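Participant: Generate a structure from the sequence data that follows.
(one chain, ligands or ions: 2)
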Amino acid sequence: MSDLKRPRIGIIGTGAIGGFYGLLLARAGFDVHFLLRSEYAAVAERGLQLNSVVHGALSLAPVQAYPSATQMPPCDWLLVGAKTTSNEALAPAISQAAASGAKVVLLQNGLMVEERLRPLLPDSLHLLGGLCFICVHRAAPGVIEHQSLGAVNLGYHSGPAIDQAARQTIVEEGAALFRAAGIDSTAVANLQQARWQKLVWNVPYNGLSVLLNAGTTALMAQADSRALIRAIMQEVVQGAAACGHQVPEGYVGQLLAATDRTPDYLPSMYHDYVQRRPLELQAIYAAPLQAAAQAGCELPRIQALYLALRFLDERNLS
Ligand SMILES: NC(=O)C1=CN([C@@H]2O[C@H](COP(=O)(O)OP(=O)(O)OC[C@H]3O[C@@H](n4cnc5c(N)ncnc54)[C@H](OP(=O)(O)O)[C@@H]3O)[C@@H](O)[C@H]2O)C=CC1
Ligand SMILES: CC(C)(CO)C(=O)C(=O)O
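Facilitator: Residues are numbered from 1 along each chain as shown. Ligands and ions are numbered 1, 2, ... in the order given. Got it, this is the predicted structure:
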């Protein structure tokens, strides 16, 4: 470890999520190094700016910014803030920036994301998943708008920690890093269960925001779209159950009520569509549909939503 008290943290993909958590960790005194692509020049010149409803207006300048992982120092923790669609291309950068025995955390939505990346990483690296409960987006190069929430729940996926106690220690260590930066963070015992549960929100809202060109307030206000959201949420719960993960009783109702209380929000997939970036259809739709189908469970509404989104995604990128 680079420093016993201050592990070195690398952010792989400094967008909304990577920029938000990386900035708060750096301001809390951690040694944070940021990998960027299109926004490298802007961030190297002007730093990162966060406009947050929770934390106020914060900046980080100068930023330890890099256009290539080959220039990064070896990091003890790597927080992957890229979209899941970039993971395979980023595997060499993750391996390059990792210190020996580093912990890699995928701060991403969706299912099977660790399973797809794992074979591309050295066995010596610990791989964790992170579920981010936050509403944040990029407003301009290096400028991040934070609308609400912020918690990160962490779970161990795979790596050299064989026994449960060793895994728990690593996950608690990760959660403690976030908490030291003023971010709520808890360890989850079952990462797959946590990923399914997060999908109960993402599957309806992410896709419908693109398909219907609408934010959460409009989607919740109209009776038909509201009923469709509820029905899609219930299908995700069914899929989870078929795969052996029980979503808590009443969870759908709680999510609907929480969304009603939250200011109008455009999910990350909406921003991807508008910016003509690839949509996270594999992780958020194809993987859960496939897992449910393998367990003998068809999810017709989600299947229809997925096919419509594939059409839009292909046309958008062509
Ligand atoms: N935004 C949110 O509120 C939430 C998002 N999530 C999940 O978090 C994940 C990240 O989302 P979000 O932060 O919104 O995404 P963004 O699109 O804002 O950020 C992704 C970042 O990764 C960078 N990147 C991609 N490929 C590379 C590469 N090869 N080299 C360097 N940088 C690269 C992008 O750079 P470039 O600018 O060049 O494309 C961009 O800066 C997703 O899985 C999303 O579903 C989860 C909860 C909430
Ligand atoms: C559920 C939400 C809004 C934040 O937790 C999200 O995951 C997203 O925008 O993709």
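Participant: which residues touch the residue in the chain that ligand 1 sits nearest to?
Facilitator: In the chain, no residue comes nearer to ligand 1 than residue 15, which is 1.7 Å away by C-beta to the nearest ligand atom. All C-beta spots, glycine's among them, are computed from the backbone N, C-alpha and C. Applying C-beta atoms under 8 Å, 6 or more residues apart in numbering, we find residue 15 in contact with 81, 82, 83, 138.
Participant: So for stretch 41-52, first residue to last residue, what's the gap.
Facilitator: Start-to-end span of stretch 41-52 (C-alpha to C-alpha, to the nearest Å) is 23 Å.
Participant: Ignore what I typed, I meant stretch 116-131.
Facilitator: For stretch 116-131, the end-to-end distance is 17 Å (C-alpha to C-alpha).
Participant: now stretch 91-110
Facilitator: End-to-end for stretch 91-110, by C-alpha to C-alpha: 18 Å.
Participant: Go through the contacts of residue 15 and flag which are in strands.
Facilitator: Judged by DSSP state E, these include residue 138 as members of strands.
Participant: Buried only: go through the contacts of residue 15 for me.
Facilitator: Neighbour-count burial (16 or more other C-beta atoms under 10 Å) is assigned, among those, to 81, 82, 83, 138.
Participant: and the first one, how far is that from ligand 2?
Facilitator: What it means is residue 81. Noted for residue 81: a distance of 12 Å to ligand 2, by C-beta to the nearest ligand atom, to the nearest Å.
Participant: these two touch, right, that residue and residue 22?
Facilitator: Yes - with contact defined as C-beta atoms under 8 Å, residue 81 reaches residue 22; the gap is 7.4 Å.
Participant: shared neighbours of these two, which are they?
Facilitator: With C-beta under 8 Å, 6+ apart as the test, residue 81 and residue 22 both reach 11, 14.
Participant: could the buried ones among the contacts of residue 15 go into CSV alongside distance to ligand 1 and pLDDT?
Facilitator: Output for the buried ones among the contacts of residue 15, formatted as CSV (distance: C-beta to the nearest ligand atom, whole Å; pLDDT from 0 to 100):
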residue, distance to ligand 1, pLDDT
81, 5, 98
82, 4, 98
83, 5, 98
138, 5, 95
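Participant: which parts of stretch 142-156 are buried?
Facilitator: 142-147, 149-150, 152-156.
Participant: hang on, I meant stretch 37-51
Facilitator: Quick answer for stretch 37-51 (16+ other C-beta under 10 Å): 39, 40, 42, 43, 44, 48, 49, 50.
Participant: Secondary structure element holding the last one?
Facilitator: It stands for residue 50. strand 48-52 (DSSP states H and E).
Participant: Check residue 5 and give its pLDDT.
Facilitator: You'll see residue 5 listed with a pLDDT of 63.
Participant: Could you do residue 212 as well?
Facilitator: At residue 212, pLDDT is 98.
Participant: To what extent is it buried, counted in neighbours?
Facilitator: Close neighbours of residue 212, defined as other C-beta atoms under 10 Å, add up to 13.
Participant: and the gap between it and ligand 2?
Facilitator: Distance from residue 212 to ligand 2, by C-beta to the nearest ligand atom: 16 Å.
Participant: Use 57 as the first number from now on
Facilitator: Done: numbering now begins at 57, and the last item shifts to residue 268.
Participant: show me what contacts residue 170?
Facilitator: 162, 183, 185, 213, 214, 247.
Participant: Of all the residues in stretch 174-185, which ones are buried?
Facilitator: Quick answer for stretch 174-185 (16+ other C-beta under 10 Å): 174, 177, 181, 182, 183, 184, 185.
Participant: ok now stretch 201-219, how far from the chain's centre?
Facilitator: Averaging C-alpha positions (C-alpha atoms, centre = their mean, to the nearest Å) puts stretch 201-219 9 Å from its chain's average.
Participant: Fine by me, thanks again.
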